[in-house]
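**Student:** With the input below, show me the fold.
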Amino acid sequence: MPYLEPTANGPTTEWARRTATKLGCHVIVGYPELASAPAASARQDSATENDDVSGSGTIYNAAVVVSPSGEVLCNYRKHFLYEADERWGASPGRDGFACLDLEFSQKTPDKQPESGLADRHTSLKVALGICMDLNPKGFVAPFEKFEFGNFAVAHNADMIVMPMAWLSAEKQDAHDEHREDVPEYRTISYWARRLTPIVRQYLHADLSRRKRTPTIFIAANRCGVEDGDTAYAGSTSAVSFAVDGSAQLVASLNAREEGLLSTTVDYEPSP
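**Tutor:** Predicted coordinates:
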């Protein structure tokens with residue numbers, strides 16, 4: 001397969017490093033990984049002695065996380081595989097879903113006015129998955145098991161980030177260039193429903209177990225049509241789960257819109 005890349009060391013990771021250092025931001029991007037040798041720099045689920053390092057190596061549907069300084073913080077490997085992953089020979093990540101602390105700094109007014117702005121450092125717990133990770137495992141597990149949602153709650157995640165290539169639920173209309181281009185709300189609603197445990201944690205009867213800060217969900221999804229008959233849902237979105245148990249669609253691209261979604265969300269890190 002010509003597009004496979006070495007673990008956190010291929011053209012996608014190099015692009016992520018350049019972009020992160022240029023813009024001073026974290027970058028999370030998916031790529032097709034070939035773990036052909038014990039690769040070192042990535043934190044989560046990096047290649048080990050148990051990988052098949054002979055011949056063509058082991059293939060993963062992966063995502064790399066890069067810091068504003070260009071450091072690779074995490075190489076996540078998709079845990080729940082979709083049928084397309086299996087067709088191109090991918091293996092499931094063995095370490096399950098990922099959650100990591102990301103450090104952010106921002107300028108805030110100093111307590112002493114004459115001092116101007118001061119750097120404020122904040123750490124967010126970010127749960128990371130890829131596309132099918134949000135679904136019931138293999139579409140066989142009970143819907144109410146909510147594997148990824150429960151993982152995010154168990155790790156007290158402040159933010160959830162998921163790169164996706166999610167198919168359109170409106171297949172008959174997805175190819176119609178004349179239909180109105182709007183977000184695919186049916187799909188966005190499904191994503192939110194799969195995170196039901198996030199809502200439940202705000203409504204828990206035991207006040208001591210209620211989460212007191214919002215949770216932000218970021219879905220970065222592919223759009224367009226591939227090979228004439230495979231339509232993607234697009235609708236890249238930011239959803240805020242509030243402390244009153246409500247969910248608000250903060251911003252979204254349209255179903256066929258290829259672009260950059262830039263938005264601001266209000267949050268406070270978990271205590």
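**Student:** part of a helix, is Thr187?
**Tutor:** Yes - under DSSP: H, G, I helix; E, B strand; the rest coil, Thr187 sits within a helix.
**Student:** residues near it, how many?
**Tutor:** 23 (other C-beta atoms under 10 Å). C-betas here are computed from N, CA, C, even on glycine.
**Student:** Report pLDDT for the most centrally placed residue in the chain.
**Tutor:** Closest to where the C-alpha atoms of the chain average out (C-alpha atoms, centre = their mean) is Met162, at 1.8 Å. Met162 carries a pLDDT score of 98 in this model.
**Student:** Paired strands for the strand or helix carrying it, with orientation please.
**Tutor:** According to DSSP states H and E, Met162 maps onto strand 159-164. Partners of strand 159-164 in the sheet, by DSSP bridges, are strand 117-128 (parallel), strand 215-221 (parallel).
**Student:** which one of these lies closest to Ala16?
**Tutor:** Closest approach to Ala16 among the strands paired with strand 159-164 (C-beta to C-beta): strand 215-221, 13.1 Å.
**Student:** residues in contact with the helix or strand that comes right after the closest one?
**Tutor:** Next in sequence after strand 215-221, counting helices and strands by DSSP H and E, comes strand 223-226. Applying C-beta atoms under 8 Å, 6 or more residues apart in numbering, the contact partners of strand 223-226 are 174-175, 231-236, 253, 255-258.
**Student:** Recalculate using a threshold of 6 Å.
**Tutor:** Ala231, Tyr232, Gly234, Arg256, Glu258 (C-beta atoms under 6 Å, 6 or more residues apart in numbering).
**Student:** contacting residues for the fourth one?
**Tutor:** To tie it back to what came earlier, the one meant is Arg256. Asp181, Cys223, Gly234.
**Student:** Walking through the chain, point out its helices one by one.
**Tutor:** Along the chain, counting by DSSP state H, helices occupy 11-23, 83-87, 147-154, 171-174, 185-193, 196-200.
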